[in-house]
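**Q** Let's see this in three dimensions:
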Amino acid sequence: MMRRVLALMSVSGLLAAAEPPESWVDAATGHRVVRLTKEAGSASLYFNQNGYTPDGKRMVYSSPAGIHVLDLATREAKLVVPGPVRLIEAGRKTARVFYVENSAAWWANIDTGEKKKIGDLPRRGSVATVNADETLLAGTFIEGDGMDYNNQRPPTPTQGGAAPAQGHSLDQPRNKGQMMEERWAAKLPMGLFTLNAQTGEVKTIHRATDWLNHLLFSPTDPKLLMFCHEGPWHKVDRIWIIRTDGTGIKKIHTRTMAMEIFGHEFWSADGKTIFYDLQTPRGEDFWLATYNVETEDRTWYHLQRNEWSIHFNVTADGKLMCGDGGDPGQVAKAPDGQWIYLFRPEMILDRGLPNQHLVKPGVLRAEKLVDMSKHQYRLEPNVSFTPDQKWVVFRSNMFGETYVFAVEVARAGGTAK
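**A** A predicted model of the protein is given here:
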């Protein structure tokens, strides 16, 4: 009996030891890291989706149990919507979280718990983004019965091609490259639609045989939507914008050399600038590029190979940027790129003749925040700044299971470098 008790105590101790620490100072960088979530398998939102409430005090995240909201000051969390559901994003105007359940879009009030069904999604449809005033959601659907390349099977009457429920694997599939090639080549007919948050009305605003994906509303203009032509980046003209009435479709970047790639686009907080990863050519020279939708001005910030990141992000005031690095298996093939980075943009002095049509050059000065050498990059960290701009939030499996962490921009015991 005593041996059994001791054995159980030993197992219990091992399980407790396996849980990640709540806080530590990164030995390589001197920055403090905290664990924000308690649930194994929990994850913050994709890097370009809004995960924060309008007051900037709370963050929404998902776990196998459902959708949670976290108080960023106290780090106390509560379950808002039990799973299985798929989190879309937090509202920018109200204390609502938007999500998909049983092939329909819903919202839930994170304060009162009130829930409302917005409307059913189109057959083989998914929804990805909510506009600035929370009047519209936007998504895409596949017409007909072509292959579902994400699941490698034709749709069934019950499946309908709907987005997967919360609780599916957060890791990238091992055959992603092959799947991307096959899905792009299939040229399946698709529609881009809006869903009225009040009435549930679905309107198709654009049709194409291009693979439409990566939808993201402007954070300030409720009628401006960014989307992409998905597929192998060297084969697509990726970044586009469109008005919600279907007008104003515009390509944002035009390739100027063979094998030039660009993508993982996101908005600045003021809705004026689109940021994106640019490589000239693929895997050789690295930039974080910007395009101003009002002035059409362009800026390219240069990066070193090790500093290239799967995803980038920017503070609300535009003064700091961050990146989540990458392992040697990523496109940059960086020998020492497994870090969470902080970047300070610096413009190159223009001594030439004024020309508003030229790209404005800059450089990103990098500071390492977190050693990610134990992180498996099949799980993308998806960095974002907290609304107060003092922390960089990311997801990681460096301790085995996936949790959400945050690293302080300022060094422990001091100010930012």
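**Q** pretty sure residue 354 is in a helix, no?
**A** No - secondary structure of residue 354, determined by DSSP: H, G, I helix; E, B strand; the rest coil: coil, with no helix assignment.
**Q** all helices of the chain, in order?
**A** Defined through DSSP state H, the helices belonging to the chain, from first to last, are 2-18, 176-186.
**Q** buried stuff in the last one?
**A** It stands for helix 176-186. Within helix 176-186, the residues scored as buried using 16 or more other C-beta atoms under 10 Å are 180, 183, 184. C-beta: built from backbone N, CA, C; applies to glycine.
**Q** give me every residue that touches the first one.
**A** Okay, so that is residue 180. Contacts were defined as C-beta atoms under 8 Å, 6 or more residues apart in numbering; by that measure residue 180 touches 230, 231, 232.
**Q** my guess is the first one contacts residue 190, does it?
**A** No - no contact is recorded between residue 230 and residue 190 when judged using C-beta atoms under 8 Å, the distance being 10.0 Å.
**Q** overlap in contacts of those two?
**A** Common contacts of residue 230 and residue 190, defined by C-beta under 8 Å, 6+ apart, comprise 210, 211, 212.
**Q** would you list those residues in JSON lines and tack on pLDDT?
**A** Rendered in JSON lines, the data for the shared contacts of residue 230 and residue 190 read as follows (pLDDT from 0 to 100):
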{"residue": "210", "pLDDT": "97"}
{"residue": "211", "pLDDT": "97"}
{"residue": "212", "pLDDT": "98"}
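**Q** and which of these is nearest residue 129?
**A** In terms of C-beta to C-beta, no member of the shared contacts of residue 230 and residue 190 lies closer to residue 129 than residue 212, at 12.5 Å.
**Q** The closest one and residue 190, how far apart?
**A** Shown here: residue 212 relative to residue 190, a distance of 5 Å by C-beta to C-beta, to the nearest Å.
**Q** Now list whatever residues contact both of those two.
**A** Shared contacts of residue 212 and residue 190, counting by C-beta under 8 Å, 6+ apart, come down to residue 140.
**Q** For residue 288, which non-adjacent residue is closest in space?
**A** Distances taken as C-beta to C-beta, 6 or more residues apart in numbering put residue 301 closest to residue 288, at 4.5 Å, once the chain neighbours are dropped.
**Q** hang on, the earlier thing: selecting buried members of the shared contacts of residue 230 and residue 190 in PyMOL, what would you type?
**A** To isolate in PyMOL the members of the shared contacts of residue 230 and residue 190 that are buried, counting by 16+ other C-beta under 10 Å, one can use:
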select buried, resi 210+211+212
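**Q** Quick check: of the shared contacts of residue 230 and residue 190, which lies closest to residue 282?
**A** residue 211 (18.8 Å).
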